[in-house]
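Novice: Dropping a prediction and its sequence here:
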Amino acid sequence: QVQLVESGGELVQAGASLRLSCVVSGRIFGAYTMGWFRQAPGKERDFVATISWSGGGNIYYSGSVKGRFTISRDNAKNTVYLQMNSLKPEDTAVYYCAVRRGLASMARGGVDYWGQGTQVTVSS
């Protein structure tokens, strides 16, 4: 059974930085794309960032975080990271780790596995 466990969320002030981590356990055959979504109270879950198995140029961000957030992964550790800088109150949300089997981006969906989420709260 595949499990995704996020960590790193906490309460911070605007302008601060945080790094989220997500460890994937269980067996996923073949390559897979990893990514992050977020859901603010009363809103839908939105795409944040995605990175392909090989990383490199196959990295995409939502417009609201581009230039402030950086996604990376360590395949040897089955871990994906989200470095978040210059945090704003509007970044407050539950952040979910996601996995999509194969090489396709998950920016438009197609997620196969979800984590339980980690809360990020940014105070003004």
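Specialist: Looks like it came in fine.
Novice: need the helices for this protein, in chain order.
Specialist: In the chain, no helices are defined using DSSP state H.
Novice: ok, for the residue most central in space within it, nearest residue in space, not its chain neighbours?
Specialist: Using Cα atoms, centre = their mean, the residue of the chain that lies closest to the mean C-alpha position is residue 36, 2.2 Å off. In space, and not counting its chain neighbours, residue 36 is closest to residue 48: 4.3 Å by Cβ to Cβ, 6 or more residues apart in numbering. Heads up, the C-betas are built off the backbone N, CA and C, glycines and all.
Novice: which stretches of the protein have low pLDDT?
Specialist: Applying pLDDT under 70 to the chain flags residues 55-57.
Novice: Do a quick rundown of the strands in it.
Specialist: Along the chain, the segments classed as strands by DSSP state E run 3-7, 11-13, 18-25, 32-39, 45-51, 59-61, 69-74, 79-84, 93-101, 113-114, 118-123.
Novice: deepest of those, which one?
Specialist: Ranked by mean neighbour count, the strands of the chain are led by strand 32-39 with a mean of 24 (mean count of other Cβ atoms under 10 Å).
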